[in-house]
Each structure stands twice: as C-alpha cells, then as structure tokens.
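Peer 1: okay, sequence plus prediction incoming.
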Number of protein chains: 4
Amino acid sequence: MIAVLKEGVSQKQMDNLIDWFKRQGLDVHISKGQFKTIIGLIGDTSQIDIELLESLDIVDSVKRISDPFKNANRKFHPEDTIIKVRDTQIGGGTLTIMAGPCSVESPEQIIAVAKAVKASGATMLRGGAFKPRTSPYAFQGMGAEGIELLKLAREETGLPIVSEIMDASQLPLFADVDVIQVGARNMQNFNLLKILGAQPKPVLIKRGLSSTYEELLMSAEYVMASGNEQVILCERGIRTFETYTRNTLDMSAIPVLKHLTHLPVIIDPSHATGKYALVAPLALGAVATGCDGLLIEVHNDPAHALSDGPQSLNPEAFDKLNRKLLALHAFLREEGESK
Amino acid sequence: MIAVLKEGVSQKQMDNLIDWFKRQGLDVHISKGQFKTIIGLIGDTSQIDIELLESLDIVDSVKRISDPFKNANRKFHPEDTIIKVRDTQIGGGTLTIMAGPCSVESPEQIIAVAKAVKASGATMLRGGAFKPRTSPYAFQGMGAEGIELLKLAREETGLPIVSEIMDASQLPLFADVDVIQVGARNMQNFNLLKILGAQPKPVLIKRGLSSTYEELLMSAEYVMASGNEQVILCERGIRTFETYTRNTLDMSAIPVLKHLTHLPVIIDPSHATGKYALVAPLALGAVATGCDGLLIEVHNDPAHALSDGPQSLNPEAFDKLNRKLLALHAFLREEGESK
Amino acid sequence: MIAVLKEGVSQKQMDNLIDWFKRQGLDVHISKGQFKTIIGLIGDTSQIDIELLESLDIVDSVKRISDPFKNANRKFHPEDTIIKVRDTQIGGGTLTIMAGPCSVESPEQIIAVAKAVKASGATMLRGGAFKPRTSPYAFQGMGAEGIELLKLAREETGLPIVSEIMDASQLPLFADVDVIQVGARNMQNFNLLKILGAQPKPVLIKRGLSSTYEELLMSAEYVMASGNEQVILCERGIRTFETYTRNTLDMSAIPVLKHLTHLPVIIDPSHATGKYALVAPLALGAVATGCDGLLIEVHNDPAHALSDGPQSLNPEAFDKLNRKLLALHAFLREEGESK
Amino acid sequence: MIAVLKEGVSQKQMDNLIDWFKRQGLDVHISKGQFKTIIGLIGDTSQIDIELLESLDIVDSVKRISDPFKNANRKFHPEDTIIKVRDTQIGGGTLTIMAGPCSVESPEQIIAVAKAVKASGATMLRGGAFKPRTSPYAFQGMGAEGIELLKLAREETGLPIVSEIMDASQLPLFADVDVIQVGARNMQNFNLLKILGAQPKPVLIKRGLSSTYEELLMSAEYVMASGNEQVILCERGIRTFETYTRNTLDMSAIPVLKHLTHLPVIIDPSHATGKYALVAPLALGAVATGCDGLLIEVHNDPAHALSDGPQSLNPEAFDKLNRKLLALHAFLREEGESK
C-alpha cells in the first residue's frame, strides 16, 4: 500500500502517522519527492482501513498495491476451481447451462419446463421461490412450497436445482438445494454471506448493480473466509445511464474475473437486458468470450398465453439457442486444442 | 399504466393480452394510432409486474402513470410527517443534527464526543456498533457492546441515539435504540424492511448507491406497509464515474423527495464525499436547499493523534460548522416567514 | 407521442396546450383517467421539443412512441446497408477488420504495421494523424504528414485507410481518406456531422462515452439528413463506475443497434478496455454476438522495445487473434446457413 | 508519477522501461517490495502518455502524484481569478446572476426578458443563438440574427451578454459578445478550445455530461495554455442512472473545483434538472455551498401561453427567487466577516 501525503505536512504529523503504521505491524519506507512525500507500507495491510486513511487531513491519496482478496485470488490458487454438483460440474472447461422460469408457479409448470430444458441439453434447473420485489404489493414468490416443487422437478429429471435465498432465516429450507443463489441486492449483505460460508452447499453470488469487480470478489471472500470454497460468480448487468436495456451487461467481467480469480464465472443475459430478443446474441457472445456458464430464463405458460412470437424464450426458442451454444462451445474447444 | 404494443401485432395476440388484463380486474382503453396501438389500464395496477409486461414479445414499452407508492405518497398525505424522538423531533421545520463518530470505540470516546456535539447544538448522537465492511478481514464494529456504550452516552447527555442494524437477528439489541438505521447496502433487503415495519422504533433508510428515488420510496413503503409509519429518508451519495469524491452527493434528492413524499429527508455529506474538507460547504448547501437534517461524522481520538489540521471534523471544527448551520437555518426561516 | 398532464390542471390551461399542439399541425386525442389526463399526439412530432414540453408546469411526463430517427431507421429500410470501400465492403455478412497503430509515427512504422496486419487478414488500416488528447501538453499527432504516411501505406499494401477528423477545417486533408472517423468526444459536434454529411466519403461515428443508443442514431441521422447515407456505427465503451477497465464495453449495443438500424455496427475492444489482455476475448465475443467488424490497435516498435510478453497486441499476437476471429466468423456463417 | 510493475517482470524488461523513462528526461527511483516493484518518476511527467504506460504488458498500474494542470492550478496561483466584464465582475466574492431565455426568439422577447431580469438584480443576460440539438430536424436557433438581438438587448439594458459558440467558424460573430460559452457537448472539442484561447473574450466552459473534474480543468488548461486566462467553469449536471431529473447536479463540484483551481465556478440548475420547480431550492443551495454565480433560465412568452402556474420560472418567479438569492448571499458574507 502507498500513501501519498499532502504538501506542507509537518515532521510531527508525519512521525505520528508513521508511528501509527508501525503499531499496526507494518514496515514503512519513506520517499521524499520535490513536492510530496510517499510512504510505502510493507506487510499485511488488509487490516488497514483505507477510507479512514484517505480521510486524514495530511493524506492526499492512498493506493493499494496488492489485492485485498486472498482465498479468491488466482495468484495463490492458479488452477481453476471446479465445483461438483451431483452428476455435473461448474468450471474446468465445462459449459454449464442453468435454465428455467423466473418464478416457480405450479407443479405442472416447473416440471414441464424442467423436462423441456433437460431435453435441450441444460445441465441445471433454476427457479425462484423467494422473489426480491421492489414493491411490497407485488407477488413475492411461492416460498417454501416453491422449493418443494423444485425438488420434485429434480426428482423427475435429475437436474440439480439452483434457487435464491433472501435471508439467513430461510437457510433450513435450502438444506437440499444444490446451489444457493445470492441476489444482486444482497451481494453486500455480509451477515448472509458469512452464514453461507458456514454451510456446505455451493454459493452463486450475483454482482450488485453498482458493484465493482473487486467488491464482488470481496463478497466471495466473505463466504470463503468462513470456510466454504465453492463460490460461483455471476455477472447480470450493471446500472448505467442507458435505459433501452434494463441494465448494461458488462462482458469484460468474464476475462477480468477469470484473470483475477480461480472461481467460475457465469453470465445472466436475461436479467441483464430484460429483453428476450437480446438473450440469444449475448449468450453466444458470452460463450465466445470465455464464460463458464449461463443462467437463462425459460418460461412456458404465461408467455404462451400472451404471445407466441418467435423470439420469446419459450422452450422451442431455448432449444434452438442451446444447440447453437453447445456447438459453439465445442468448436472453440477444438480450436483451442488444435493450437 | 400505459402499454404500447409493437407494430404488426395480430388481433388474436391483442385479445389474449386484453383478456389477461381484465382477469386482473383492470379496465382497458384501446387507442389505435397509425403504426402502434396503445392500451390504457385503469384500476389498481400495483399488482401488475411491469417487467413481465415489458418482456412480452408484443409489447414495445410500458409507462406507469401513477406512483407505485401509497403510504409514502404526499398526494394522499399532504402534511409533513413529524417524528418525535424523546425530547426532539425530525421534520416539520426543525433542523435535526445527528452527529458522532463512525464507529463506537470505547466509553471514553463515545461519551467525550457525545458531550462535545451536544454542547455545539447537535440534537442526536450517531455511532456505529455493527459496521458493514467490504472486507471480511476489517474491523466489524464492537457489536452489542457498542450499543450499550451508546446508551451510556445517552444517559450522560440526554441525546437520543441512532445506529445501524445489519440483520434481522440483531433486532433485540436495538429495542432501546431511538432510531434504527438501514444502511445503503441493505436498502433493498426486503425481509429486514418488513421486520422493521413490524416494530415501533423510527427507521432511517439510506439510499442505495445506485438506487433511484422511486426505489428508495418503495423501500420506505415496505416498512410503512408493515405498519410502521415513522420513516426518515437519507441521501448519502450515489455511485457515478467521478472518483475524486467517494460518491456523488445528489442534492436534488431534497426537493424531489420532499415533493413526492411527506417523510423527512436528511443528508449525509460525510459518507457522500469521503473528504472532511467538503463536509462544511455541502452541509450549508443542504440546509439552504431545504433538508430536514444532517448526519455528520465527528471524531476525536484517532484523528487527533494522526492529524490536527483545521479542516478535519474534530469537535472544534464541528462546533464552528454547527453554529453556522443553525444561524443559516434561523435566517432562512425568518426569510420564509416574512414573505 | 403521449403527454401525461399533472393532476389539477384547469380546463383553460389544457385548452391552451391543445391549441398549441394543433398549431403545430398535430392531431390530438384526449383520454381522461381517474386522476390524470393523457394527450395522444398523432402526426409528425419530430418538430416537437420534448424537453420544452416536459418543462411545462402542467405536464407530468412525455413519452415518445415513434423513433425520432428516419433515415437510419430499419423500419423504413429493412435491408442491411453495405458500404463499399475500394475492394472491400463493410456490412452484409462480411467481417471487417480495421487494424493499425494508435498514432502514425513514421513511414517505417506505419508501413511495417500495414504489411503485417494485411498478411494476417486485416481488411483496412487504421491510424491516427490528429489525436484528441486530454492534455494540451501531450503529443497531438503528426497531423497532415500522418495522413500522407497513411496514404503511402495504402499504396504499399492496397489496404483502405480510416483516420479520425477533429475539426471541419481539416476536411480538405481527408479528401483521399477512405473512411473518415468521428471520435467519441465529437459525436455531438453537430456542425462537423453536417459537414461530413455533405461530402462523399463514408463516416465512422464512435459512440460518446455517455451517449445513449438513440443519441448515437441521431448523430448518424445528422450525417444522413445532410445527404451522406454511408455511416458506420462504432461502440467503444461507455463510462461507468467501474475503474478496472478504462471504459465498459457495452456488448448489447450490437443486437440493439442492428435491430434499430440498417447501418453496420463495429466494436473497438482496444479503446473500450485499455488493456491488451482483454482485447482477444472481447473481440471473439463481439464476433459471436454479431458485429460487422472490429477496430483493433496493433503496435510494433514501442511495445517491442518495452515489453515482449505474449499478450500485447504486437503483430504476432494480432496474427494469432485474427486467425481465430476469421475461423469463428466462418463457423458461425456455416451454422447459420445450415439452419 | 508512480508506476507499479507486475510480478515476474524480468530484469531486461525493467531496464528497457527505465531507459525509456530516462530518455524522456526523468529521474527514476526504484523500490522493490516482496511481490511488486514500484518505479517513482521525478521531473516533468506531463509529456508521459499515461494510457500508453498503463497498456504495457509489464505495468500493473500508474498513479499520477502531481496535478496535470498548471495554469488553472490554485497551487501556483493561490488568489481567486476575478474576471471583469463591462461594469460587473465574476469571482472574488461577487454573486453573478446570468439570466435569460434558452433561445433568443424575437426582439420583443429578448428585450422584455432582459429588462425584467435586470430589474430583479441579474448581472448578465444569457440567451442561445446557436442551439445544439440532438435532432437535425429540431429548431437550431436564430443564428447570427440571434446574436444581433442579444446586442440590442444589451444596448437597452446595459447587461453584458453570454451566448454559446458551437464551432470555430462562428468566431467572427462572437467578437462583440461579452462571454463566450462552450457547451457540455463541446467541452473536449480541443480545436475550438485552442481557438478560444487565442482571442480576448472570457470563456465559460460547461462540464461535459460524463467529464471528471480533472478533465474539465484540462479543458480550461487548453484555453489558458493558448494565452487566455479568463476562464469560468460551469457545473450543469452529470449523467447518472437517475432519470427523474434530466441530469444529476453535482454540488460537490463547487468546493472541489474551488480547492483545485483559482477560476470562478458557476452552477446551472435549470439544465441540470430540467424541472423548473427544482431550480429555486438548488440555486439557494448552490449559493450556500459557495458558488460564484448562477446561470438561470427565465422565459416569458411561450410559458405564459401554455401554463401560468406559480413554479415556472417566468419573470415574476425569477424576481422572487433572485431577491432570496441576494439576501442569502449578503447574509453569508456578513457571517463570514463577523468570524
């Protein structure tokens, strides 16, 4: 860590600061320039409160040199993490396709969708039982019953299930869910992350709408520091000034995160864009960019009733898309191997 | 609510959609233009899932005409809400000054700061016992002990206390805290909001880093719909591209929120900017813009040790600032009354 | 266009507004709801100043129903625009690779790079002669001499050239440049756009750092309305809160723009990310998402001197990448045809 | 400037880089840490292309220690710049009120508004003759005739005039305009800035919608480096995710810019918010935060015809607001002096 001091700092102020660093067990290297003094800190700086430091009168700015995340850091764990989920795996060259409806609505619905997406080659079933809704007056999901229906669909198809937890108190209901999802709004619900770190199921963390890559990795670090190394990262769109799409899918997250961490990275084009017509091109783009998997919304009944156009992601459209995704993934692997 | 349909929608598709609206108990007005058809929906549209609607193949876009919040809406409650907290109140022309350290650190620290800010005219004491920290390795606050120390400082000074809750499981510890704060990262932790709606203490909700005004009001609506009408809104900076300040203080939030809602609106210039030198000018600006109060960080010991410049908000600087704030507030009230 | 009026508007105010609309030659349809009145405007609303309308006291909000762009609109021109540039073309299923150095620096440099990228399969040569630099003290490009060197490189290799114009006064120098580029900072330099609309060379417009899709299309419309239909759109990253990458590449721009317009869409992963290691994965992703071409920075000398790692986009790395891009593009075309 | 090198850089690569720095005339200090090497650069680093440096394979990140702006820097010019414009001045404790219509529309309109705002205490007249419009089909201003009408209004009232230039070719028309405005979309039109630096009239630069404070100061630097020291900075809202207001007024710009530079800083609440009801509270807030002036839109005829509510900024509303602004400014000055 480097702290750049303001001009005109007195020797006494500087000595006070250096003493304070030394009391934190850090080595201090001082380099005086023409105008400004730079203090280099060597040792375990993870305890240093960078915001406190920056807020001091005598400090101009602070720059971290080493990453604040350890367990999630590829430097200390160069091999890709592979997460086994029943008969399938996430990471390590596999393309994981998690498909299913936004909300679980009935046994017929979830079983029909599960069978359809399995037939098209999906490897996991997603479905919401607890739904984070902006309005207290909107449908909040089927709750515990929704989880039971997901398990039923798993029994029928063999597909592992992934569903979102909204609160630590719901944990007992997720004991038999294969992958527990933390939504974008809960990405920095640190108590929930700690509790998920102390249980054995893999955790899929969605990036917050205005969270940096580093903040996402620090949220993974919360889970890992509590003992659970099985974390999956998911980019699902960030909030920008553009309103045509619901959010802006940040495709750079794939190569950046895969460079910084050994954890698998998946993409959710459905929530990122909010428009079904954009899901297929962006899903293909995400596979070519190098993601480990996709989270794709597939719905049957309500859409069927209200619209039957060719672009909505009903089972037929998903089938067509998924065949393309698998062919593209196979092509890219062959290309890579022939080099 | 208005739904604009895409061009080329078939009569059958349109009939399906209209049937579906009618089954939700809505009246439907149809207006066919040269290219597009517009459907006006009349009735209680708060149950309609606007995102589902927008995602339908045949729908071009959706526009809400009436506000989705009710309890928080000034239209249905024109008078300002005034929240009584012990001997003081928030809203209704009062300028509430909540001052205190970022974290409670020791009995000496919190009592010293409490006495100092009281002497300068602060009306409430703020202090963090549970700290949301990006890193799992950083100090997470004194916890339950911190709450006890805040109560001790209240006993010594009579100042009501405000502190942040991070999780529903901590609620018993907050039974005797005067105002319970929900942090920016928890603004859409809907389960926490519901639980705070079912207890009697006033709730101060900080706007999320990338939350719209409407989303902030919907979070207030969660608390109010659960039975607790005592909600205070706090603007604390939003995330933008500018990195010189920690966040960008959105001063327009004051007149916009006070137009949309009857709830009190306070400003936190300390967290918004992350720079002590900016707190004084922005606090003055916030008072002139019309806020109901301020949340200001005042610290003693660590800053004293490390720096003693004139701009840091130690008790002396706070004293100088608070006298200006009170004088400005008095001037603006007189001006208003003389009109 | 729809204008939603505020509650409590008087009949006289409404009549004034309706008269004003009728004087603009518009048909007016009025629909009164329980609380609010909605005015539908039918006819050519492109003359209406939407910001003036929204700023009126009696207007709550305005919603445009039809697109404000005409010449660029796919609705009125369903076929893809194909732009012929010497022996090559942009759009219509071709993958255009514009490669070359950021700045033209010397005859040796530009000719060496031109020969290298041609050998690797690039179809156009890019190079900056006039450089928009944030600092007045930084190197501003070779100017007219740089343009001459690009022409020399074209003579040597046959590659058409693309270069950025910064000001209308430079137009004579661009008379023999094959494609004239408008930089992101000039995207809304409307006088420059009009002047480029009145000359015959194709114009490549880069999206501004905080410009919406619609604003980009309106800038294309400026060129087209002045008589030049040969416009190429380029996404090069937008400004967000994320600072790890220089900007955030908005991959959704590809399917969105190709849906809204018939103009070709290309991607600049080099400027978007500012990191060479991210260029290859995002270039592959952009091709799979469906772009018409890429703008890729390839440099030789300075990079060679300072670093020779495998990821920097020197000619060798570009060669490897471009072979992958062409193979991927061929694969995707075959896949498409076999369907 | 500090360059942090990546881990695992070879001695040869480092030597190459250090040689290159030395050839630029810089002194180099090397500090090797446990994992990373830090290179400190001492001397005139303004020539260094920071983006090129950051893009090198062996460089992890770069941090500038000293400000890249010189002429605009308060460090080298501690006294506030005061700009004399006819009988009035901008900066140095004065509150400058630039008021007038968005567009000049007729002699009657501009003279009527000029007389009204002068009577209310405005110190300058603003009015647009050339209007930057997103759509090529919208009214683009009266052009040269508009400038003549502004001069006529100046003759009638004595108010100095400020108007926006859109292109260097328009400069002759602005020879007798008192302050030349550069719009937000042209903030980085570097050729225009250079040309305005070579003429004698004061230049008012509006911050771009997604421009940082530093970029705004670098644009001022372009004008100043070309010989014109009379630059006024204007914050007019930045683009964020919030859509309720047209843009987000960044009030922190006032204390930040006044700390970094000696140039006057003014605020445009009309364009920032796009809502007349928000202009008054934010104008008051801006004065209390410490701005040197305000740019306020005042319109008469069209608004009068279409709406006559109490909040629109017609001359009556402006009169009421301006009296409050002047009283507040006087109060704050007295307060300051009594300290």
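Peer 2: Everything's here; your move. Numbering: from 1, shown residues only, chains lettered A, B, ... in the order given.

Peer 1: pLDDT below threshold where in chain A?
Peer 2: A:34, A:301-312, A:338-339 (pLDDT under 70).

Peer 1: can you name the residues of chain A that neighbour chain C?
Peer 2: By CB under 8 Å from any CB of the partner chain, the residues of chain A that approach chain C are A:210, A:212-214, A:238, A:240-245, A:248-252, A:254-256, A:259, A:272-273, A:277-278, A:281-282, A:284-290, A:324, A:327-328, A:331-332, A:335. C-beta: built from backbone N, CA, C; applies to glycine.

Peer 1: going through these, which ones are buried?
Peer 2: Among these, the ones that count as buried by 16 or more other CB atoms under 10 Å in any protein chain shown are A:210, A:212-214, A:238, A:240-242, A:244-245, A:248-252, A:254-256, A:272-273, A:277-278, A:281-282, A:284-290, A:324, A:328, A:331-332.

Peer 1: could you check how far residue A:116 is from chain D?
Peer 2: Residue A:116 sits 36 Å away from chain D, going by CB to the nearest CB, to the nearest Å.

Peer 1: residue A:61 too?
Peer 2: From residue A:61 to chain D the distance is 8 Å (CB to the nearest CB).

Peer 1: name the helix or strand for the closest residue to that residue other than its chain neighbours, please.
Peer 2: Computed as CB to CB, 6 or more residues apart in numbering or on different chains, the closest residue to residue A:61 that is not its neighbour in sequence is residue A:4, at 5.0 Å. Assigned by DSSP states H and E, residue A:4 belongs to strand A:2-5.

Peer 1: partner strands of that strand, with direction?
Peer 2: Its sheet considered, strand A:2-5 pairs with strand A:37-42 (antiparallel), strand A:59-63 (antiparallel) by DSSP bridges.

Peer 1: how close does the residue nearest to residue A:61 sit to chain B?
Peer 2: 14 Å.

Peer 1: ok, now residue A:37?
Peer 2: For residue A:37 relative to chain B (CB to the nearest CB), the value is 14 Å.

Peer 1: quick one, what contacts that residue?
Peer 2: When contacts are counted by CB atoms under 8 Å, 6 or more residues apart in numbering or on different chains, residue A:37 is found next to A:4-5, A:9, A:14, A:30-31.

Peer 1: okay, those residues in JSON lines with neighbour count next?
Peer 2: Compiled in JSON lines, the contacts of residue A:37 are given as follows (neighbours: other CB atoms under 10 Å in any protein chain shown):
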{"residue": "A:4", "neighbour count": "19"}
{"residue": "A:5", "neighbour count": "20"}
{"residue": "A:9", "neighbour count": "18"}
{"residue": "A:14", "neighbour count": "16"}
{"residue": "A:30", "neighbour count": "11"}
{"residue": "A:31", "neighbour count": "16"}
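
Peer 1: between those, which is closest to residue D:149?
Peer 2: residue A:4 (52.3 Å; CB to CB).

Peer 1: distance of the closest one from chain C?
Peer 2: 17 Å.

Peer 1: what sits opposite that residue in the beta ladder?
Peer 2: Counting by DSSP bridges, the residues bridging with residue A:4 are residue A:38, residue A:61.

Peer 1: double-check it against residue A:54; I have them as touching.
Peer 2: No - Residue A:4 lies out of contact with residue A:54 (CB atoms under 8 Å); the separation is 10.2 Å.

Peer 1: what is in contact with those two at once?
Peer 2: Contacts common to residue A:4 and residue A:54, judged by CB under 8 Å, 6+ apart, are A:61-62.

Peer 1: state the distance from the closest residue to chain B within the stretch 101-250 of chain A to residue A:250.
Peer 2: When scored by CB to the nearest CB, the stretch 101-250 of chain A has residue A:210 as its residue closest to chain B, at 3.4 Å. Distance from residue A:210 to residue A:250, counting by CB to CB, to the nearest Å: 11 Å.

Peer 1: with residue A:179 instead?
Peer 2: Residue A:179 is 22 Å from residue A:250, where distance means CB to CB.

Peer 1: end to end on stretch A:186-199, go ahead and measure it.
Peer 2: The straight-line separation of the ends of stretch A:186-199 (CA to CA, to the nearest Å) is 18 Å.

Peer 1: which ones are touching residue A:143?
Peer 2: Per CB under 8 Å, 6+ apart, neighbours of residue A:143: A:129-130.

Peer 1: specify the local secondary structure of residue A:122.
Peer 2: At residue A:122 the chain is in coil, as set by DSSP: H, G, I helix; E, B strand; the rest coil.

Peer 1: next, count neighbours for it.
Peer 2: 25 (other CB atoms under 10 Å in any protein chain shown).

Peer 1: surely it meets residue A:88?
Peer 2: No - contact criterion CB under 8 Å: residue A:122 and residue A:88 do not qualify, at 10.1 Å.

Peer 1: let's have the strands paired with strand A:2-5 in TSV, adding distance to residue A:297.
Peer 2: Listed next are those as TSV, based on distance: least, CB to CB, whole Å:
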stretch	distance to residue A:297
strand A:37-42	47
strand A:59-63	41
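
Peer 1: what's the most buried one of the ones you listed?
Peer 2: strand A:37-42 (a mean of 20; mean count of other CB atoms under 10 Å in any protein chain shown).

Peer 1: state the helix or strand in which residue A:110 lies.
Peer 2: Going by DSSP H and E, residue A:110 is part of helix A:107-119.

Peer 1: list of residues touching the following helix or strand past that helix?
Peer 2: Following helix A:107-119 in sequence order, the next helix or strand is strand A:124-126 (DSSP H and E). Strand A:124-126 is contacted by residues A:85, A:88, A:96-100, A:110, A:113-114, A:117-118, A:150, A:153-154, A:157, A:159-163, A:178-179, A:181, A:295, A:297 when judged by CB under 8 Å, 6+ apart.

Peer 1: go with 7 Å
Peer 2: A:88, A:96, A:98-100, A:114, A:117, A:150, A:153-154, A:159-162, A:295 (CB atoms under 7 Å, 6 or more residues apart in numbering or on different chains).

Peer 1: of those, list those near chain B.
Peer 2: Contacts with chain B are made by none of the contacts of strand A:124-126, judged by CB under 7 Å from any CB of the partner chain.

Peer 1: tell me which of these fall in strands.
Peer 2: A:88, A:96, A:98-100, A:161-162, A:295 (DSSP state E).

Peer 1: can you select the buried ones among these for me in PyMOL?
Peer 2: The PyMOL selection below is limited to those of those classed as buried (16+ other CB under 10 Å):
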select buried, chain A and resi 88+96+98+99+100+161+162+295
